[in-house]
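[1] Just to be clear, the model below is a prediction. Sequence and coordinates:
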Protein chains: 2
Amino acid sequence: MANYFSSNFTLGILGGGQLGKMMLYETRKFDIKTNVLDPSADAPCRIACDDFTQGDLLDYDTVYHFGKKVDVLTFEIENVNIEALEQLEAEGKKVYPSSKTLRNIQNKGTQKQFYKEHKIPTAPFKVFQNKNELNEAIVRKEFHYPFVWKSCTGGYDGKGVSIIRDAEDIIPLPDVECIAEKLIPFKNELAVIVARNPKGEVKTYPVVEMEFHPEANQVEYVICPARIDAAVAEKARDIATNVSQTFKHVGLLAVELFQTEDDDIIVNEVAPRPHNSGHQTIEASYTNQFEQHIRAILNLPLGKTDSKAGGIMVNLVGAEGHTGPVLYKNIEEIMAMEGVTPHIYGKKETRPFRKMGHVTIVNEDLSEARKIAEKVKKTIQVISE
Amino acid sequence: MANYFSSNFTLGILGGGQLGKMMLYETRKFDIKTNVLDPSADAPCRIACDDFTQGDLLDYDTVYHFGKKVDVLTFEIENVNIEALEQLEAEGKKVYPSSKTLRNIQNKGTQKQFYKEHKIPTAPFKVFQNKNELNEAIVRKEFHYPFVWKSCTGGYDGKGVSIIRDAEDIIPLPDVECIAEKLIPFKNELAVIVARNPKGEVKTYPVVEMEFHPEANQVEYVICPARIDAAVAEKARDIATNVSQTFKHVGLLAVELFQTEDDDIIVNEVAPRPHNSGHQTIEASYTNQFEQHIRAILNLPLGKTDSKAGGIMVNLVGAEGHTGPVLYKNIEEIMAMEGVTPHIYGKKETRPFRKMGHVTIVNEDLSEARKIAEKVKKTIQVISE
């Protein structure tokens, strides 16, 4: 087996954002050499990687030549040139997660089709090549309001998703390949992170729950463990494991799920990388998701996924009406609260709703953590100077 | 109050070894800009700091000019030019811990004298300017065998300390300023890390215990919490707090203590920085010692010092008979054990007894962690390729 620690082995990472930045804490901890490719000279990963390459993640030649220089290639963002990954694999390069997994995930239509073919529970859907096809299907009453519209590509952080209640809602949609999905009322939005290494060892993290703002329909808190019945949690972990096995993916797979009103669990979508819903693992778990990703893609033994304490994560997003050099107002007040750790991603400029960091609240008592999380949310503000 | 997060504020760190490297995980987490000074171009801190300056830590001009460039100055090693720190402070630069604290600690004779003056319990001792003075005191029977000899300066990791049982033991000692200390039989070697910020907020970590090898008289495990009576632990934390208050130090103070056979607690020595006896805090505590040091020196609120689980630390030192490019033999076997995290400091070359890394074992059940720690110790080996 390769010697990764303080050796000449090099891990290549496509994407230099905050997920990569947090992954680099772990490569530093293990002293694993890294090379990061990102288009931005100011990428959060610029510091703490061994080598930084500035370049376009969607350009075939850039990704191909970058991949040739490293021993194992991974990514922290799905939006990369997949043909280059395929060519690298064909030449024997280890790419984890594989280009095949990425192909099955990158396009949401393909992803849903994959679930259907493999009998993985998911909301009924139809794929449309363009807006016209969608409109015609509605006219032919093949699909009924309300439904969920999703762009097949390019969606991120809730962009590219709309709930369509009538013909008026269709007008502003872009003319792109899309899916229309049956709107299934759900009790809870859940997520399970699954880790799998090339030798097939699989571990799941405890189920987390997204708590939404009662009015704004925005995730406010990621709560670990989810406040659900043990039987439902077990079902969610089983389904997530099944999804992972079916994809035969290597690395982390974040599986987003809905708990329906009948306590069924259906798969919403997956991300083949460390995920926003796993940030609380840094403080709350025996093995954080970033270390686990590194362990998985290097075929090292997977770490324990249990929690040491209850964990809640609050995203730090840019406040509305503020654009410019960032100021984390009242950060010192939240640091005085018990078990509170802010993570600052290192983006110098804030913009409305830009993900600038997150805060973790850890406590033996989850309901106490939930109270502190609310205070955190009310106190800190991401504004411009 | 200053804005430290994603701002132009710069923290200067004297020393670029493993303690600095682990401190940089925290400055990255908070996106605090850093500049590190170290003589070695291959220092473990080279990666993950914002700026790296190569230079001599004991040279007045180097340290002075480095200090002028940063906003707050700290150190991860005591062996730095103290006159430069004094001049920087005189010009208004914030240096934490202060040069005064460092003056009181750097020389072990001065440090012991400080305890005596402030009625802090410590073993009786005498200071000698050279070997001749020591020999004469023994001839005059002012001091009796056995005693502990300590070099006043330059000691590190047990070097510069000897137990003297007869005249023969004195012969190999170097001719330096030294202290002779009464040999007090003790049950346990303990340590308490105290954090204190400029506004005077103070927090102590739980007491840790050093478990020695039954024959080799070498620390094998750092165990948190120490397996001692609650009353003794409370006394140890109180004495450590008193030491910290008396020094009025800012930052972390690692207070090494002995628990005597009568359950008295006496101070052995202190280190004004993150410490080997606090490494398990990375995985086991709500706030790890490196984050706490950053919080303390920047006058931020101190974090919670409780443990999330039991933690044990095992040092990874170079095996005897191995010099050259390092190989962490069987590291994958220990990574398969429950709750085990290796930390690799990034030194490319191993030498006998060189500190190359450490391993943390975390478990809800401390006695289970202790069993796993023993397996870790028996399994991993730091050898040359």
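    Done, it's in. Numbering: from 1, shown residues only, chains lettered A, B, ... in the order given.
[2] Can you tell me how far A:Asn276 is from chain B?
    16 Å (CB to the nearest CB, to the nearest Å). Placement of C-beta: from N, CA and C, glycine included.
[3] what residues are up against A:Lys348?
    A:42, A:325-326, B:6 (CB atoms under 8 Å, 6 or more residues apart in numbering or on different chains).
[4] For the residues you listed, which ChimeraX command selects only the ones that are buried?
    Buried residues among these (16 or more other CB atoms under 10 Å in any protein chain shown), as a ChimeraX selection:
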select /A:326 /B:6
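[5] now the contacts of A:Lys348 as a markdown table including secondary structure?
    Listed next are the contacts of A:Lys348 as a markdown table, based on DSSP: H, G, I helix; E, B strand; the rest coil:
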| residue | secondary structure |
| --- | --- |
| A:Asp42 | coil |
| A:Pro325 | strand |
| A:Val326 | strand |
| B:Ser6 | coil |
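[6] Any idea how far stretch A:168-185 is from the middle of the chain?
    22 Å (CA atoms, centre = their mean, to the nearest Å).
[7] List the buried residues for that stretch?
    By 16+ other CB under 10 Å, the buried positions in stretch A:168-185 come out as A:170, A:173, A:177-181, A:184.
[8] Need the CA coordinates for that stretch. PDB is fine.
    Taking Å, rounded to 0.1, in the frame of the first residue of the first chain, the C-alpha atoms of stretch A:168-185 are listed here in PDB:
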ATOM      1  CA  GLU A 168     -47.700  31.900 -14.100                       C
ATOM      2  CA  ASP A 169     -44.900  30.300 -12.100                       C
ATOM      3  CA  ILE A 170     -43.500  28.700 -15.300                       C
ATOM      4  CA  ILE A 171     -42.900  32.000 -17.100                       C
ATOM      5  CA  PRO A 172     -39.800  33.000 -15.300                       C
ATOM      6  CA  LEU A 173     -38.100  29.600 -15.500                       C
ATOM      7  CA  PRO A 174     -35.100  29.300 -17.800                       C
ATOM      8  CA  ASP A 175     -35.400  27.300 -21.000                       C
ATOM      9  CA  VAL A 176     -33.100  24.400 -20.000                       C
ATOM     10  CA  GLU A 177     -33.300  20.600 -19.500                       C
ATOM     11  CA  CYS A 178     -35.300  20.000 -16.400                       C
ATOM     12  CA  ILE A 179     -37.200  17.600 -14.300                       C
ATOM     13  CA  ALA A 180     -40.700  18.000 -12.900                       C
ATOM     14  CA  GLU A 181     -41.200  16.100  -9.700                       C
ATOM     15  CA  LYS A 182     -44.400  15.300  -7.800                       C
ATOM     16  CA  LEU A 183     -44.700  17.500  -4.700                       C
ATOM     17  CA  ILE A 184     -44.700  15.100  -1.800                       C
ATOM     18  CA  PRO A 185     -45.700  16.700   1.600                       C
END
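[9] Contacts for stretch A:45-64, please.
    In contact with stretch A:45-64 (CB under 8 Å, 6+ apart) are residues A:10, A:13-17, A:20-21, A:24-25, A:27-28, A:33-41, A:43, A:66, A:77, A:79-81, A:83-85, A:87-88, A:346, B:24, B:28, B:47-50.
[10] Quick check: end-to-end length of stretch A:16-35?
    10 Å (CA to CA, to the nearest Å).
[11] next one: stretch A:130-144
    Span of stretch A:130-144 from end to end, CA to CA: 17 Å.
[12] tell me what the helix or strand hosting A:Glu86 is packed against?
    Applying DSSP states H and E as the criterion places A:Glu86 in helix A:82-90. Packing partners of helix A:82-90 (3 or more CB pairs under 8 Å, 6 or more residues apart in numbering or on different chains; DSSP states H and E): helix A:60-69, strand A:94-95, helix A:99-106.
[13] hey, which of these is tucked in deepest?
    A comparison of the helices and strands packed on helix A:82-90 by mean neighbour count, using mean count of other CB atoms under 10 Å in any protein chain shown, puts strand A:94-95 on top with a mean of 22.
[14] Spatially central residue in chain A, please.
    Nearest to the mean C-alpha position of chain A, by CA atoms, centre = their mean, lies A:His275 at 3.0 Å.
[15] so who does it touch?
    Contact partners of A:His275, counting by CB under 8 Å, 6+ apart, are A:191, A:193, A:252, A:254, A:289.
[16] contacting residues around the third one?
    Taking CB under 8 Å, 6+ apart as the criterion, A:Leu252 is in contact with A:193-195, A:272-275, A:278, A:289, A:292-293, A:296.
[17] Chain neighbours aside, what residue packs nearest to A:Phe247?
    In this structure, A:Phe247 finds its nearest non-sequential neighbour in A:Thr101, 5.2 Å apart by CB to CB, 6 or more residues apart in numbering or on different chains.
[18] List the contacts of the closest residue to A:His249 other than its chain neighbours.
    With sequence-adjacent residues excluded and distances taken as CB to CB, 6+ apart, A:His249 is closest to A:Thr101, at 4.4 Å. Neighbouring residues of A:Thr101 by CB under 8 Å, 6+ apart: A:247-250, A:272.
[19] any idea how far the residue of the stretch 51-200 of chain A at minimum distance from chain B lies from A:Thr34?
    Chain B sits closest to A:Asp51 of the stretch 51-200 of chain A, with a gap of 10.0 Å, by CB to the nearest CB. Per CB to CB, to the nearest Å, A:Asp51 is found 7 Å from A:Thr34.
[20] repeat for A:Asn242
    Counting by CB to CB, the gap from A:Asn242 to A:Thr34 is 32 Å.
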